[in-house]
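>>> Based on what follows, work out the 3D shape:
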Amino acid sequence: MKRYSFYNDVIRKGAAVMLLTVLLHCSIYGQDFYDEYLSSSELDSVWKKSENGQKVAALYSFIGNNIKAIHWYSHSRKVKIGREDIINRIKGAENYFKPMDDFYDILSDEKIVIFNEAHHLPRHRVFVTGLLPKLKKMGYNYIGFEGLTPNYQDTTRTMMDTLLRDRGYPIVSGYSGYYIKEPQFGNLIRSAIQSGFRIFGYEKGPSGIPRERKQAQNIARVLAQDPDARIVIFCGYDHLIEKDTIKLNDQYPDFTYMAGYLKKMTDIDPLTVNQVILSDYLLPGYNIYYDHLEFKEEMFVSSKDLYGIDSLKYDYLVYHPRTKYNNGRPDWVKQQGYKYVDITDRLDRERLPCVVRAVKLDEKINAVPMDIIEVQKDAMSQGILVLPIGKYNVYLRYDDNSKDHFEIHVK
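Have a look, this model is predicted:
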């Protein structure tokens, strides 16, 4: 699957050119961070130019519009997930699903665990964020992110943003990473740092080595440097497939993904957890598996127990309940300790629509925001942020490109 990201530009244009781009991109004084998050009207133009639903879906997720992100990603797909003739077998598998408490026992003794995500569905990031304290207590001490920009100056370093750990938060720039500008990804990075994980990026940099193999080499290097490492990997989509080879198409009849290479290089069988297939990352009607399963809470199932799934690809699947919306926001955004914060009265209704960013008061303006929304002009649209207790700078950018700013204290 093609990734529409900063990394594609690096490979296409060359590391030297892109390094200059990164350095220029990172200057706070030469960058207007209001403009990093495109509004819906601007995204309409992106669609007209690219006609790429996957790209537009990710961009909608950056401004907190879960509904439109799923819509655009669904319409970018050429085939549905699953077949109509397996519906009864899917329903018959419900008894094999187990509560997440049982899953923690499975995680406790592994050397490497790999979780995937759909790049347009931040709930996958929220899920892993919630697991981090438990994983740290189990003894996991490293976490690797595909989304971190690799270091093009010094290949002995695992990411371009060498100040990330000390700073404690990612910044809105290709310097930290493309997908990381999405608030839930930023919060995942913050939580990993606060939990005491050693963070590294493993994306392919400027190299003639194929991407999947190079990613695996970068992860294996961490193990070579620290044999006691226990690693959590957070990747996109199918990079977690650990099967030796699969047929992608006639051009790639024997393709190996990152996890498959990693397994060969290290002689370690990673625990692979697919949390994409059994989530609402597609509209109803596009995913036979998810359409015919329903639980009220997160569950997991062995790939061996779900008919039609190739158990050699990954070990387990996590089921995410269907999203419900409260105050116009997905229910999974409101994590433990978070509060709904209504800032509607602070907005100028005459100038709407407006993109709203909430940045921690003790973080710089270029920090990945804790939350972001777009408030529309219609009377029903509300400005509801979802934030933990603390003080925040709230930055506004209206569609006429006028800007505003105020502070809030969430108690």
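>>> quick one, what contacts the nearest residue to His239 once chain neighbours are set aside?
The shortest distance from His239 to any non-neighbouring residue, by CB to CB, 6 or more residues apart in numbering, is to Met258 (4.4 Å). Placement of C-beta: from N, CA and C, glycine included. Contacts here follow CB atoms under 8 Å, 6 or more residues apart in numbering; on that basis Met258 touches Glu212, Arg213, Gln215, Ala216, Ile219, Cys235, His239, Leu240.
>>> Read off the pLDDT value for the first one.
pLDDT, Glu212: 97.
>>> Show only the entries of the contacts of Met258 found in strands.
Cys235 (DSSP state E).
>>> which intervals of the stretch 201-350 of the chain have sub-threshold pLDDT?
By pLDDT under 70, the stretch 201-350 of the chain has no low-scoring segment.
>>> Going along the chain, name the helices of it.
211-225, 258-266, 288-291 (DSSP state H, counting those that start in this stretch).
>>> deepest of these, which one?
helix 258-266 (a mean of 22; mean count of other CB atoms under 10 Å).
>>> Tell me how far that one lies from the chain's centre.
22 Å (CA atoms, centre = their mean, to the nearest Å).
>>> what does stretch 145-165 give?
17 Å.
>>> what about the closest residue to Thr344 other than its chain neighbours, neighbour count?
Excluding its sequence neighbours, the residue lying closest to Thr344 (CB to CB, 6+ apart) is Gly383, at 4.2 Å. Look at Gly383: counted by other CB atoms under 10 Å, it has 21 neighbours.
>>> Distance of Gly383 relative to Ser40?
15 Å (CB to CB, to the nearest Å).
>>> Going by neighbour count, which residues in the host helix or strand of Glu407 are buried?
Element membership for Glu407, per DSSP states H and E: strand 403-410. By neighbour count on 16 or more other CB atoms under 10 Å, the buried set for strand 403-410 is Asp404, Ile408, Val410.
>>> ok, so of those, who is nearest Ile343?
Closest to Ile343 out of the buried residues of strand 403-410 is Ile408 (6.7 Å), distances taken as CB to CB.
>>> Need phi/psi at the closest residue to that closest one other than its chain neighbours.
Leaving aside its chain neighbours, Ile408 sits nearest to Tyr392 (5.3 Å; criterion: CB to CB, 6+ apart). Main-chain torsions, Tyr392, degrees, to the nearest 10: phi -140, psi 150.
>>> pLDDT value on Tyr392, please?
98.
>>> And for Ser173?
90.
>>> ok, it to Ile365 distance?
Between Ser173 and Ile365 the distance is 12 Å, computed by CB to CB.
>>> More neighbours: which of these two?
Neighbours around Ser173 and Ile365, counted as other CB under 10 Å, are more numerous at Ser173. The numbers are 24 against 17.
>>> can you give me the helices in the stretch 51-200 of the chain?
Using DSSP H, counting those that start in this stretch, helices in the stretch 51-200 of the chain cover 53-62, 66-76, 87-91, 100-107, 123-138, 164-167, 183-194.
>>> which strands and helices sit next to the third one?
So the one you mean is helix 87-91. helix 288-291 (3 or more CB pairs under 8 Å, 6 or more residues apart in numbering; DSSP states H and E).
>>> What lies in contact with the helix it packs on?
80-84, 86-87, 90, 277-280, 282, 284-285, 306, 308.
>>> related to what we said a few turns ago, wouldn't the residue nearest to Thr344 be in contact with Leu347 here?
Yes: the criterion here is CB atoms under 8 Å, and Gly383 meets it with Leu347 at 5.5 Å.
>>> shared neighbours of these two, anything?
Cys354, Val356, Val375.
>>> helix/strand/coil for the second one?
Val356 falls in the strand class when you classify it by DSSP: H, G, I helix; E, B strand; the rest coil.
>>> if I pick the residue nearest to it when sequence neighbours are not counted, what's in contact with it?
Computed as CB to CB, 6+ apart, the closest residue to Val356 that is not its neighbour in sequence is Ile373, at 5.1 Å. Taking CB under 8 Å, 6+ apart, we find Ile373 in contact with Ile63, Gly64, Arg329, Val355, Val356, Gly383, Ile384, Leu385.
>>> Which parts of the chain belong to which domain?
Per automatic domain parsing, the structural domains of the chain span 32-76+326-410, 84-325.
>>> and the residue nearest to Val356, what are its phi and psi?
Per degrees, to the nearest 10, the backbone of Ile373 is at phi -140, psi 160.
>>> Number the chain from 38, please
In the new count, where the first residue is 38, that last one comes out as Ile410.
>>> Distance to Asn132 added to the contacts of Ile410, as CSV?
Output for the contacts of Ile410, formatted as CSV (distance: CB to CB, whole Å):
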residue, distance to Asn132
Ile100, 40
Gly101, 37
Arg366, 33
Val392, 46
Val393, 45
Gly420, 44
Ile421, 39
Leu422, 41
